[in-house]
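Peer 1: Here's my sequence, what's the structure:
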Amino acid sequence: MKYSDLLKDPRWQKKRLEILQRDEFSCQICFDTKSTLHVHHRRYISDCKPWEYPEHVLVTLCENCHAMEGECIPDAIDSLIEIVKDFYFSGDVNNITDALRFLRLSSSYTSDVSSKMLVHAMSDDDCMALIEKSYFKSLKKTKELE
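Peer 2: Prediction:
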């Protein structure tokens, strides 16, 4: 069965409607509510039917943002991989992954807002000083417990 046929399946139509409702019928990049909306798969999982995807992999995008995301994400991922390989070790990457997962899970904001908050925190000297102080304080407590 072709992928376009799978998108006509009632199970996909139901899942699609659930995602649109969850996202309040609004593009999660530009917040447009007037344009045609698509449910975007952030990534594809082999042997997974469209309606079998976990909800966090599906997101509402307007037609323009959907097209732009499809064009831009490969280069963005390549840039991220290049930076990670140039500057970090595997343990660092695991820590970064955990931090990003925590940021996403603990935030009710869209990924755009949470990523901008992270960039802001990392570029603000006072904020970074507070984070460093808190981190080293937690390390000291951990050492004291050992």
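Peer 1: residue ranges of the strands in this structure, please?
Peer 2: Listed from the start of the chain, the chain has strands (DSSP state E) covering 37-41, 58-62.
Peer 1: among the ones you listed, which is the most enclosed?
Peer 2: Ranked by mean neighbour count, these are led by strand 58-62 with a mean of 22 (mean count of other C-beta atoms under 10 Å). Every residue, glycine included, has its C-beta placed from N, CA and C.
Peer 1: so what does that one touch, helix or strand wise?
Peer 2: Packed against strand 58-62 by the contact rule (3 or more C-beta pairs under 8 Å, 6 or more residues apart in numbering; DSSP states H and E) you find helix 10-22, strand 37-41.
Peer 1: Output that strand in CSV with nothing but the alpha carbons.
Peer 2: What follows is the C-alpha trace of strand 58-62 in CSV, where atoms were taken according to Å, rounded to 0.1, in the frame of the first residue of the first chain:
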residue,chain,number,x,y,z
LEU,A,58,3.9,14.5,15.4
VAL,A,59,3.4,18.3,15.3
THR,A,60,1.0,20.7,13.6
LEU,A,61,2.6,23.0,10.9
CYS,A,62,1.1,25.4,8.4
